[in-house]
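Undergrad: how does the following fold in three dimensions:
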Amino acid sequence: MENKKILGFLPFNDETAVGVDFKYKQEDEEILNFFKNKALKCQREHVSRCFELKESEGIVGYLALSLCSINARKLKNPKNIGLFERPAIRIGQLIIDETKRGQGYGKCAINFVISIVRMMKWYLPCRLLVVDALNEKAQTFYEKAGFQMMEDRTLVFDLAPMLKQ
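TA: Sure, this is the predicted structure:
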């Protein structure tokens, strides 16, 4: 019998202790510092919503989401001609514990965001997921997940096909 892990997405609160026993590379320190020092402030100001990715063994990552819009002219799809802005959710920050990378937690975080979009589609429109890849490794991860390069380091994932279901 396969041992399935259950991953929870817990909203940040005043009790959230970021970074305790969390393994990360030096290049990811800026992302972790956001969660340590700015995440709660951004939530209180209704700028972003942050989550702990937690399994039975402990915290495996952190995720920050916010709303944005993308100018349709920047998208490479000719169907967008004549449209101005596309509503989007921005994955502002995503970090997975170094010892847990490559085990599907990042993809699970993306699926969590997609589930939020599916739930809210009856109330608010959201056409795209947007992310700024900070390095080549992150860019490769998002491209494998189906995101497409828009400009510089910004990648987009078109949600329209799955929202029709």
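
Undergrad: nearest spatial neighbour of residue 149, chain-adjacent residues omitted?
TA: Take residue 149 and drop its neighbours on the chain: the residue closest to it by C-beta to C-beta, 6 or more residues apart in numbering is residue 155, 5.6 Å away. Just so you know, the C-beta spots here come from the backbone N, C-alpha and C atoms, and that holds for glycine as well.

Undergrad: does that neighbour sit in a helix or strand, and which one?
TA: strand 154-158 (DSSP states H and E).

Undergrad: quick check: next helix or strand after that strand?
TA: For strand 154-158, the following helix or strand on the C-terminal side (DSSP H and E) is helix 160-163.

Undergrad: can you list the residues that contact that next one?
TA: With contacts defined as C-beta atoms under 8 Å, 6 or more residues apart in numbering, helix 160-163 is touched by 114, 117, 118, 121, 127.

Undergrad: C-terminal to the helix or strand hosting the first one, what's the next element?
TA: By that I understand residue 114. Per DSSP H and E, residue 114 falls inside helix 105-120. Following helix 105-120 in sequence order, the next helix or strand is strand 128-132 (DSSP H and E).

Undergrad: quick one on the thing from earlier: what angle separates the strand holding residue 155 from strand 128-132?
TA: Angle of strand 154-158 versus strand 128-132, following axes from the mean of the first three to the mean of the last three C-alpha atoms, to 10 degrees, is 160 degrees.

Undergrad: direction included, what does strand 154-158 pair against?
TA: strand 128-132 (antiparallel), strand 148-151 (antiparallel) (DSSP bridges).

Undergrad: surely residue 134 touches residue 154?
TA: No - with contact taken as C-beta atoms under 8 Å, residue 134 and residue 154 are classed as non-touching, separated by 11.2 Å.
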